[in-house]
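Asker: have a look at this prediction, sequence included:
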Amino acid sequence: MKIDVYHTPLGLTAGDLTGRAVVVIDVLRATSTIVTALAAGAKAIVPAASSDEVVRLTANLEKNGIVLAGERRLLKIEGFSLGNSPREMTKEAVGGKTMFLATTNGTPALVAAQGGDPVLVAAALNFSAAAERARSLFTERGDLVIICAGRDKQFALEDAYTAGRLIKAVKKGVPPKKLLLNDAAQVSLDLAAQQGGWQDALGASDAARQLGEAGLGDDVKFCANPDRVSIVPVYADRRIAA
Ligand code: MLT
């Protein structure tokens, strides 16, 4: 039984994922934002590779039913209604709407994961529900891919920590001799064992420092709250729905 982790989506091709169950993680902050928006009643999320793509995709759509969201250098994109803060994802802001979302690393990672079947969206906020779904897929198929968004094409501590916790939950009961982890999966598992809880691990990351400097430190605390919701968003046909 095999678990592969990618610490960034760089170099992934659709063929690497065909027919494989995939979990995408960008815990600070895109997957936390997606989980929160769907829990607040958003109809669906359309992840885009860039803000230009959001503009292109929405140019001819009725504006009532949609909301444009995303960040560039952590801050709200000019002309968009919302940034990439999960705390902005209220019922009033997103309820009943399709949200088009462009972020620096998270939404491109989702776009890169499109060949997977299914593609699940995970964060601390929905951790137990996502882990349970991933575990049942892993038990059934003997295979799982975890894609971390990373940060600016590099390893990101907070995503690798989340991946490690996910592996720990998913591999429960599998005899070690039967389990094949790639090196990135092994390192993620070790990292999760070494770090403390969610608040400490996420708080120790570069991303947390940068968010703090941008005045968004409360987002880190918010994202480090496990199991606030029990939905597991699934990305299919270019849309993410609960
Ligand atoms: C990203 O996609 O790079 C992130 O979610 C960045 C952020 O908004 O914190």
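Answerer: Looks like it came in fine.
Asker: the closest residue to residue 185 other than its chain neighbours: what secondary structure?
Answerer: Once flanking residues are discounted, residue 185 sits nearest to residue 5: 4.1 Å by Cβ to Cβ, 6 or more residues apart in numbering. Quick note: C-beta positions are derived from backbone N, CA and C, even for glycine. What DSSP: H, G, I helix; E, B strand; the rest coil gives for residue 5 is strand.
Asker: residue 5 and residue 130, how far apart?
Answerer: Distance, residue 5 to residue 130, using Cβ to Cβ, to the nearest Å: 15 Å.
Asker: cool, and residue 194?
Answerer: According to Cβ to Cβ, residue 194 and residue 130 sit 22 Å apart.
Asker: pick out whichever of these two has more residues nearby.
Answerer: Legend: neighbour count by other Cβ atoms under 10 Å for residue 194 and residue 130, higher for residue 130 (28 against 10).
Asker: what comes up buried for the lowest-mean-pLDDT helix or strand in the chain?
Answerer: Using mean pLDDT, DSSP states H and E, helix 14-17 stands out as the lowest-scoring helix or strand of the chain, at a mean of 84. Using 16 or more other Cβ atoms under 10 Å as the test for burial, helix 14-17 gives 16-17.
Asker: ditto for stretch 121-128
Answerer: For stretch 121-128, burial by neighbour count (16+ other Cβ under 10 Å) applies to 121-127.
Asker: which of the residues you listed fall in strands?
Answerer: Of these, the ones assigned to strands by DSSP state E are 121-122.
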